[in-house]
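Undergrad: Quick check, what structure comes out for this input:
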Amino acid sequence: MRLLLAILALVLCTAQREPILVPEVSQHEVALQQGFTGTELLLFGAILDPAGTRAGGQYDIAVVLKGPTEAIRLREKDRIFGVWMNADSTEFRSAPSFYAVASSRPIPAIVDDKTAAIYELGLRWLQLSPVGAIDPEEQARFAAGLVDLRSEQGLFFEQASGVTISDDVLYQARIPLPSNVSAGTYTAETFAIRDGRVLASAVSEVEVRKTGFERDVELFALDSGFWYGLLAICLSILLGWIAGRLFAFI
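TA: Here you go, the predicted model:
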């Protein structure tokens, strides 16, 4: 009994030393509509010790904004008999459609590889969950290819020293969302780190929604797939006929 009480007291004391994170996002809903050119999210908040006093100077902060995950098949092109063709391919079960990380210092300077992999703190440590058995070297090659591809599209990026901490209590990070982001629920997770350990975390959510005409088209495609497909075919035929008639007069 005394041993159990001692363990309980130790757990309570440890919990009391953990910092308190109070996260917030500048906007919890982003509207994707015609003419959307991207936006910028401000992820901010406060970090306090259990007594409610300032604690920001004692910790590093990392913020991860992640879009909805999706299954994706990645194909590798190779030159075969002088022609570029699809060669090897692999499928990932849970690749994020968007991923951004900002931190008060570079990630390798605040956590080790194991901790970074557990919390997916950085592009090197994304857990993409390949489908089926795959050679580790081949998996690493395809994962690096996916990261490079989405980095070029502005959908994956890192901001070392992208989090600023002011007055030892307030932190903030600015994360740009490009115009080609996918709709869905985005999670913004904040981590308080000290001595290489994640001591506290907190999550906020951002809804990215299609609105206006784009939303109407999406709902029509989901609710009436047959008629949507038929209409798309008819429009394609009509536009092709119009283009043919126009070129006939040129």
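
Undergrad: per-residue pLDDT, Pro50?
TA: Pro50 is assigned a predicted lDDT (pLDDT) of 68.

Undergrad: ranges for the strands of this protein?
TA: Along the chain, counting by DSSP state E, strands occupy 20-25, 29-32, 39-48, 60-66, 69-80, 83-96, 99-103, 156-159, 163-166, 170-177, 184-194, 197-210.

Undergrad: can you redo those strands as JSON lines with mean neighbour count?
TA: Using the backbone N, CA and C atoms, a C-beta is placed for each residue, glycine as well. JSON lines is the format used below for the strands of the chain (neighbours: other Cβ atoms under 10 Å):
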{"stretch": "strand 20-25", "mean neighbour count": "17"}
{"stretch": "strand 29-32", "mean neighbour count": "16"}
{"stretch": "strand 39-48", "mean neighbour count": "18"}
{"stretch": "strand 60-66", "mean neighbour count": "24"}
{"stretch": "strand 69-80", "mean neighbour count": "12"}
{"stretch": "strand 83-96", "mean neighbour count": "15"}
{"stretch": "strand 99-103", "mean neighbour count": "25"}
{"stretch": "strand 156-159", "mean neighbour count": "18"}
{"stretch": "strand 163-166", "mean neighbour count": "15"}
{"stretch": "strand 170-177", "mean neighbour count": "19"}
{"stretch": "strand 184-194", "mean neighbour count": "20"}
{"stretch": "strand 197-210", "mean neighbour count": "16"}
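
Undergrad: okay, these in TSV with distance to Ala117 next?
TA: TSV is the format used below for these (distance: least, Cβ to Cβ, whole Å):
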stretch	distance to Ala117
strand 20-25	22
strand 29-32	29
strand 39-48	22
strand 60-66	13
strand 69-80	17
strand 83-96	15
strand 99-103	13
strand 156-159	15
strand 163-166	20
strand 170-177	22
strand 184-194	14
strand 197-210	12
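
Undergrad: residues of the longest helix anywhere in the chain that come out buried?
TA: Determined from DSSP state H, the single longest helix within the chain is helix 225-248. Using 16 or more other Cβ atoms under 10 Å as the test for burial, helix 225-248 gives Tyr228.

Undergrad: and the closest residue to Leu42 other than its chain neighbours, how many neighbours?
TA: Among residues not flanking Leu42 along the chain, Ser26 sits closest, at 3.7 Å (Cβ to Cβ, 6 or more residues apart in numbering). Ser26 has 14 neighbours, counted by other Cβ atoms under 10 Å.

Undergrad: Nearest to Gly244, out of the strands of the chain?
TA: Closest to Gly244 of the strands of the chain is strand 83-96 (Cβ to Cβ; 30.7 Å).

Undergrad: So which helix or strand of this structure has the lowest pLDDT on average?
TA: Least confident helix or strand of the chain, by mean pLDDT, DSSP states H and E, is helix 2-17 with a mean of 42.

Undergrad: just the CA coordinates of stretch 162-178, formatted as PDB?
TA: The C-alpha coordinates for stretch 162-178 follow below in PDB (Å, rounded to 0.1, in the frame of the first residue of the first chain):
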ATOM      1  CA  GLY A 162       9.400  29.600 -37.500                       C
ATOM      2  CA  VAL A 163       8.000  29.800 -34.000                       C
ATOM      3  CA  THR A 164       8.600  33.000 -32.000                       C
ATOM      4  CA  ILE A 165       8.200  33.200 -28.200                       C
ATOM      5  CA  SER A 166       7.600  36.600 -26.700                       C
ATOM      6  CA  ASP A 167       7.500  37.700 -23.100                       C
ATOM      7  CA  ASP A 168       8.300  34.100 -22.000                       C
ATOM      8  CA  VAL A 169       4.600  33.200 -22.400                       C
ATOM      9  CA  LEU A 170       3.200  33.900 -25.900                       C
ATOM     10  CA  TYR A 171       4.200  31.900 -29.000                       C
ATOM     11  CA  GLN A 172       3.100  32.200 -32.700                       C
ATOM     12  CA  ALA A 173       3.800  30.700 -36.100                       C
ATOM     13  CA  ARG A 174       2.500  31.600 -39.500                       C
ATOM     14  CA  ILE A 175       1.700  28.800 -41.900                       C
ATOM     15  CA  PRO A 176       0.800  29.600 -45.500                       C
ATOM     16  CA  LEU A 177      -2.000  27.500 -47.200                       C
ATOM     17  CA  PRO A 178      -1.500  27.400 -51.000                       C
END
